[in-house]
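S.K.: 3D, please:
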Amino acid sequence: MDETTESIRERIRDANEDGRLYFWGGILAAAVSLFVLPLAGLLAMYWSYKLHAEANRTGPALVIGGAGAVGFIYWIAYLAVL
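M.R.: You can find the predicted model right below:
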């Protein structure tokens, strides 16, 4: 591996400058959890936590985590009723 080739971890770290990766990934995971796969809500909640902890962005983190939690809790309630 030569010195100019970046590792995947370095590429992800660069893409996550100021929390952009957690923000957009969290939005995507929250949307997927609401409409397609509710288990993705756990990923949205984790990424919202990371967005808050690393980028100190509380507002978007609450919205993303809340949407992911609603999708996941709706799924659990649906399974409980079945």
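
S.K.: now the strands for the chain?
M.R.: Remark: strands of the chain are absent; assignment by DSSP state E.

S.K.: so where's it uncertain?
M.R.: For the chain, applying pLDDT under 70 flags the ranges 1-5.

S.K.: Alpha carbons of the lengthiest helix in the chain, as PDB, please.
M.R.: When the chain is parsed with DSSP state H, its longest helix is helix 58-81. Output of helix 58-81 as PDB, limited to C-alpha atoms (Å, rounded to 0.1, in the frame of the first residue of the first chain):
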ATOM      1  CA  THR A  58     -28.300  19.000  19.500                       C
ATOM      2  CA  GLY A  59     -31.300  20.100  17.400                       C
ATOM      3  CA  PRO A  60     -30.800  17.800  14.400                       C
ATOM      4  CA  ALA A  61     -29.700  15.000  16.700                       C
ATOM      5  CA  LEU A  62     -33.000  15.200  18.500                       C
ATOM      6  CA  VAL A  63     -35.000  15.200  15.300                       C
ATOM      7  CA  ILE A  64     -33.100  12.300  13.800                       C
ATOM      8  CA  GLY A  65     -33.100  10.200  17.000                       C
ATOM      9  CA  GLY A  66     -36.800  10.900  17.600                       C
ATOM     10  CA  ALA A  67     -37.800   9.800  14.100                       C
ATOM     11  CA  GLY A  68     -35.700   6.700  14.400                       C
ATOM     12  CA  ALA A  69     -37.200   5.900  17.800                       C
ATOM     13  CA  VAL A  70     -40.700   6.400  16.500                       C
ATOM     14  CA  GLY A  71     -40.100   4.000  13.600                       C
ATOM     15  CA  PHE A  72     -38.600   1.400  15.900                       C
ATOM     16  CA  ILE A  73     -41.200   1.800  18.700                       C
ATOM     17  CA  TYR A  74     -44.100   1.600  16.100                       C
ATOM     18  CA  TRP A  75     -42.600  -1.700  14.900                       C
ATOM     19  CA  ILE A  76     -42.400  -3.100  18.500                       C
ATOM     20  CA  ALA A  77     -46.000  -2.000  19.200                       C
ATOM     21  CA  TYR A  78     -47.100  -3.600  15.900                       C
ATOM     22  CA  LEU A  79     -45.400  -6.900  16.800                       C
ATOM     23  CA  ALA A  80     -46.900  -6.800  20.300                       C
ATOM     24  CA  VAL A  81     -50.400  -6.500  18.900                       C
END
